[in-house]
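Colleague: Can you look at this prediction? I've put the sequence above it.
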Amino acid sequence: MRSTPDESGGFAALLRPHLERLYRLAFRLTGTRSDAEDLLQNVLLKLYERRDELSSISDLAPWLGRVLYNRFVDDARKNARRRLTAIDPDSLATSAVTGGCDCDNFEPESIAATEFAITQVQRALAALSIDHRTVLLMHDAEGYKLEQIQSITGIPVGTLKSRLHRARSRLRDLLEIDGTF
């Protein structure tokens, strides 16, 4: 059965405000643009099948994050033998490299140093366990509150606090070892 333009337009209007944050979360979880796009596309296809239910959800943002996270976990379990790799620095957007600043105002050495630091941080993040990396990126990079992360992942807040502390500590150690910070 084909949907009418009103139904598909309502679906798009309902999800449009959340797409950028969902993509960033997908990118943080997967580490590459292509995997993030695939993950988000798969989630959107599943959500489209259930589009009638979406309007009845009171707080859509954390619910969507949970759906995306669960799909990521399911995919990761399917591909358990596939080795995790560090994020390719070329997959980072220019705005991420320069912090959203106008590149014309940077010297080449400054841009290179920033790119190097970002690469080192990405490598250190890739060295963290997936549990630690997930909570660290969701909390510190994406700005989710611990209660929101709990609703997305189903992990108790106390466990999340512990993982966040350990992730920060391990990340700090890794960055000190390689001399980045």
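Modeller: Thanks, I have the structure now. Remember, predicted model here, so these are calculated numbers, not experimental data.
Colleague: For this protein, give the helix that spans the most residues.
Modeller: helix 5-30 (DSSP state H).
Colleague: Pull the contacting residues for the residue nearest to residue 26 when sequence neighbours are not counted.
Modeller: Leaving aside its chain neighbours, residue 26 sits nearest to residue 36 (3.9 Å; criterion: CB to CB, 6 or more residues apart in numbering). Where you see a C-beta, it was placed from the backbone N, CA and C, and this is true even at glycine. Residue 36 makes contact with 23, 26, 27, 29, 30 under the criterion CB atoms under 8 Å, 6 or more residues apart in numbering.
Colleague: downstream neighbour of the helix or strand of the chain with the lowest mean pLDDT in the secondary structure list?
Modeller: Here the helix or strand of the chain ranked lowest by mean pLDDT, DSSP states H and E is helix 94-98, holding a mean of 44. Tracing the chain past helix 94-98, the next element assigned as helix or strand by DSSP states H and E is helix 108-127.
Colleague: What score does residue 105 have for pLDDT?
Modeller: We note a pLDDT of 53 for residue 105 in this prediction.
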